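Undergrad: Can you look at this prediction? I've put the sequence above it.
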Amino acid sequence: MKIAIVGGSIAGLAAALTLRCVGHDVTIFERTAAAMRGHGGGVAVLRQMMHFLEQHGHAARKTLAVPIEWRRWLASDGSLIEEGREIVPFSSWDAVYRSLSEMLPSDVVRYGEAVTNVRNLQGSVEIEIDGRETVTADLLIAADGAGSGIRAMLFPDYRSSYAGYLAWRGVVEEARLSAHLVAELDNSITLLRERDALFMTFPIPALDGAIKPGERRFNWLWYRNEPDAAALSRYLTDREGHRHHASVSPGELSAEATAYLHDCAREKLPPVFQQLMTHTQAPFVQAIFDALSPSFAVGRVALVGDAACTVRPHTASGTSKAAADAIALAQALSDLNPAVDIEAALATWATARRAELGPLIARGKQLAQSFGLGAITQ
Ligand SMILES: Cc1cc2nc3c(=O)[nH]c(=O)nc-3n(C[C@H](O)[C@H](O)[C@H](O)COP(=O)(O)OP(=O)(O)OC[C@H]3O[C@@H](n4cnc5c(N)ncnc54)[C@H](O)[C@@H]3O)c2cc1C
């Protein structure tokens, strides 16, 4: 089949890989220009994504993650209160993105092309690119992320819901940090839990993928409750005055939001984390949303990744979930008897996949609650 994918991030690339493996002709439309890619933060990469990359021929375990051994909890004065072994590999969005991209022929992704409309027709899908070009495909896969425009077109009454907290984030080159600070943070994920916030930092690969000491970066995330709608709106308004729905990218935070972040850091964080923040050139912020599409397929349009379901980040499962979506979708679309109704095969896949994600969604909310993050549910 001729399959179009909207979104060339983790879920879109993973789906392209698996769908090509079962013989389909795949094109990805990604609105961002190629040169603009590669500015994501750190991600924990669960075994499923590692396994997925290795199945597709990438030596992920050796190259993707910075090896660490410890999970360390600090008190607010910076003293160590608890230490245990850590087994999750920590990587970066860029490294996962690059690993997936390198396994696809370069002409599979059409960069700088936004899908502006989609129409389910009898036996095909019509896709409008940038309001000027129309292409037709047998299927369309929406991998356009947590704020999915395709989901909004399919389900205009559905809204994702703000979970009540923000992730303030940043990435610092190791070379900018003192040897003493690196020694304190090295070889571990280091965390601090407050009543309504959770700070964590861990080493991640350099932008070029280097994982050698001295060349790596340190990623930090500070989850902080923000129940005040007016404050949320101010922090999501960038330096040009543009109000974003869920995130403000590196380099675009307003002066007010940056000052607020630094004030909070001075007031709440131990010196070791304050120093990390001081050396961060371009902090950014993401509001945490819950989203579960009313269905994962409508006619010949299927949703995968965060477009289908956005789980809380504490499960560290976003990339692995995207890989699992891609595998399940390719299985559903392989060896189809031409007499079998493709829409029926998609609908069966969608119902099964949506049901499978229930426990993961619940786990994400439980973890958030255990950290005191977001609205407390009874
Ligand atoms: C604070 C935070 C921490 C996280 N930590 C982790 C972690 O540790 N481990 C983990 O596995 N996951 C983590 N995640 C989740 C993870 O980042 C995502 O689940 C994962 O990147 C999959 O995203 P995606 O590909 O579905 O969507 P996205 O990465 O959002 O990509 C959507 C793509 O679609 C493109 N697009 C959108 N609309 C259009 C259009 N109309 N036309 C063309 N292109 C379009 C966008 O430009 C983008 O490239 C975290 C998320 C957050 C918010």
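TA: Perfect, thanks for sending it.
Undergrad: gap between Trp74 and Arg169?
TA: Just so we're on the same page, residue 74 is Leu rather than Trp. 19 Å (C-beta to C-beta, to the nearest Å). All C-beta spots, glycine's among them, are computed from the backbone N, C-alpha and C.
Undergrad: typo on my end, Leu329
TA: Distance, Leu329 to Arg169, using C-beta to C-beta: 30 Å.
Undergrad: Also His51?
TA: Distance from His51 to Arg169, counting by C-beta to C-beta: 27 Å.
Undergrad: higher neighbour count, the two?
TA: Legend: neighbour count by other C-beta atoms under 10 Å for His51 and Arg169, higher for Arg169 (21 against 15).
Undergrad: check contacts around the more buried one.
TA: 41, 219-222, 283-286 (C-beta atoms under 8 Å, 6 or more residues apart in numbering).
Undergrad: Extract the C-alpha set from the strand or helix carrying Ala291 and format it as PDB.
TA: Element membership of Ala291, judged by DSSP states H and E, is strand 284-292. Extracted in PDB, the C-alpha atoms of strand 284-292 (Å, rounded to 0.1, in the frame of the first residue of the first chain):
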ATOM      1  CA  PHE A 284      12.500  25.400  28.000                       C
ATOM      2  CA  VAL A 285       9.200  24.400  29.400                       C
ATOM      3  CA  GLN A 286       6.500  21.800  28.700                       C
ATOM      4  CA  ALA A 287       3.100  21.600  30.300                       C
ATOM      5  CA  ILE A 288       2.100  18.100  31.100                       C
ATOM      6  CA  PHE A 289      -1.200  17.000  29.300                       C
ATOM      7  CA  ASP A 290      -3.200  13.700  29.300                       C
ATOM      8  CA  ALA A 291      -4.600  12.700  26.000                       C
ATOM      9  CA  LEU A 292      -6.300   9.500  24.800                       C
END
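Undergrad: Just checking: what are the partner strands of that strand?
TA: Here strand 284-292 has these sheet partners by DSSP bridges: strand 161-173 (antiparallel), strand 247-248 (antiparallel), strand 309-310 (antiparallel).
Undergrad: For the stretch 151-300 of the chain, which residue gets nearest to the ligand?
TA: Nearest residue of the stretch 151-300 of the chain to the ligand, counting by C-beta to the nearest ligand atom: Ala167, 3.6 Å away.
Undergrad: Tell me how far the closest residue to that residue other than its chain neighbours lies from Gly8.
TA: Nearest residue to Ala167 in three dimensions, chain neighbours excluded: Gln286, at 4.7 Å (C-beta to C-beta, 6 or more residues apart in numbering). Between Gln286 and Gly8 the distance, using C-beta to C-beta, works out to 19 Å.
Undergrad: Residue numbers of the stretch 251-378 of the chain in contact with the ligand?
TA: 286, 305-307, 313, 316-320, 322 (C-beta under 6 Å from any ligand atom).
Undergrad: contacting residues around Arg20?
TA: 26, 104, 108.
Undergrad: Make sure the last one is actually in contact with Phe29.
TA: No - look at Val108 against Phe29 with C-beta atoms under 8 Å: they stay out of range, at 10.6 Å.
Undergrad: picking that back up, which of the contacts of Arg20 tops the neighbour count?
TA: Of all the contacts of Arg20, the highest neighbour tally under other C-beta under 10 Å goes to Val26, namely 23 neighbours.
Undergrad: what residues are up against the closest residue to Pro294 other than its chain neighbours?
TA: Excluding the flanking residues, the one nearest Pro294 by C-beta to C-beta, 6+ apart is Phe155, at 5.1 Å. Phe155 sits next to 293-295 when contact means C-beta under 8 Å, 6+ apart.
Undergrad: Those into JSON lines, with extra columns for distance to Arg243, neighbour count and pLDDT?
TA: Shown next, in JSON lines, are the contacts of Phe155 (distance: C-beta to C-beta, whole Å; neighbours: other C-beta atoms under 10 Å; pLDDT from 0 to 100):
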{"residue": "Ser293", "distance to Arg243": "24", "neighbour count": "22", "pLDDT": "98"}
{"residue": "Pro294", "distance to Arg243": "26", "neighbour count": "11", "pLDDT": "98"}
{"residue": "Ser295", "distance to Arg243": "30", "neighbour count": "18", "pLDDT": "98"}
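Undergrad: Looking at those residues, which is nearest Glu173?
TA: Ser293 (37.9 Å; C-beta to C-beta).
Undergrad: Near the ligand, which residues of the stretch 51-200 of the chain? Just list them.
TA: When proximity is defined as C-beta under 6 Å from any ligand atom, the stretch 51-200 of the chain approaches the ligand at 114-115, 143-146, 149, 167.
Undergrad: repeat that for 5 Å
TA: By C-beta under 5 Å from any ligand atom, the residues of the stretch 51-200 of the chain that approach the ligand are 114-115, 144-145, 149, 167.
Undergrad: Out of those residues, who's the most crowded?
TA: Among these, the one with the most neighbours (other C-beta under 10 Å) is Asp144, at 28 neighbours.
Undergrad: hang on, isn't it packed against Ala4?
TA: No - applying C-beta under 8 Å as the test, Asp144 and Ala4 come out as separate, 11.7 Å apart.
Undergrad: joint contacts of those two?
TA: Both Asp144 and Ala4 are in contact with Val115, where contact means C-beta under 8 Å, 6+ apart.
Undergrad: which residue ranges form the helices in the stretch 151-300 of the chain?
TA: 179-185, 229-235, 255-268, 271-278 (DSSP state H, counting those that start in this stretch).
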